[in-house]
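In: show me how the following folds:
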Amino acid sequence: MPAYLMDTNHASRLMDGAEPILSRVRSGIARNDTFFLSITVVGELYYAVYASQRMDNNLMRLQALRALIPTLPFDEAAAEEYGRIQAEQKARGRPIPGTDAQIAAVARRHGLMVLTADRHFHFINGLTLANWLET
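Out: Numbers count the residues shown, from 1 in each chain. Okay, here's the model as predicted:
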């Protein structure tokens, strides 16, 4: 059974009920695939909620998403993996945003496929990626 870690762009589109991600996640859940959010993504989603014009509505949608998809922490082992990723990217001359390095660290640590539309994840060794926002 595949296991996925959602990047913020996928999680926010799922919160919106957007296709094709909604159907793909529903199908995955029916097949017993597992989906996770990293605590870093949760923080980015809370930022989007509190910066929005429809804060109450968006907060309810975020809470519903969090009830459906479990959250993985950015723990000690992920912090070490983050350090490796940032050093690897620096050595290649391809730095990535710190939050995305945290997401990648959680994915590498747990062996999860990252659902993302961000290209810079492709520069990180040891990640499997998919973009479910494309039709």
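
In: from here on, just use CA atoms for contacts and neighbour counts.
Out: Will do.

In: number of residues surrounding residue 129?
Out: 18 (other Cα atoms under 10 Å).

In: for this structure, just list every one of the strands.
Out: Assigned by DSSP state E, the chain shows strands spanning 3-6, 34-38, 71-72, 113-115, 128-130.

In: so can I have TSV of those strands showing distance to residue 15 and mean pLDDT?
Out: Below are the strands of the chain laid out as TSV (distance: least, Cα to Cα, whole Å; pLDDT from 0 to 100):
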stretch	distance to residue 15	mean pLDDT
strand 3-6	12	98
strand 34-38	12	98
strand 71-72	15	98
strand 113-115	14	98
strand 128-130	18	97
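
In: now distance to residue 64 too, for the ones you listed, in CSV please.
Out: Supplementary listing: the strands of the chain in CSV, determined by distance: least, Cα to Cα, whole Å:
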stretch, distance to residue 64
strand 3-6, 15
strand 34-38, 13
strand 71-72, 13
strand 113-115, 19
strand 128-130, 24
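
In: pLDDT score for residue 135?
Out: You'll see residue 135 listed with a pLDDT of 64.

In: phi, psi for the most centrally placed residue in the chain please.
Out: Among the residues of the chain, the one closest to the centroid is residue 7, at 2.3 Å (Cα atoms, centre = their mean). Here is the backbone geometry of residue 7 (degrees, to the nearest 10): phi -80, psi 170.

In: that one: what's it in contact with?
Out: By Cα atoms under 8 Å, 6 or more residues apart in numbering, the residues touching residue 7 are 37, 41, 103, 114-116.

In: could you do residue 86 as well?
Out: By Cα under 8 Å, 6+ apart, the contact list for residue 86 reads 95-96, 98, 101.
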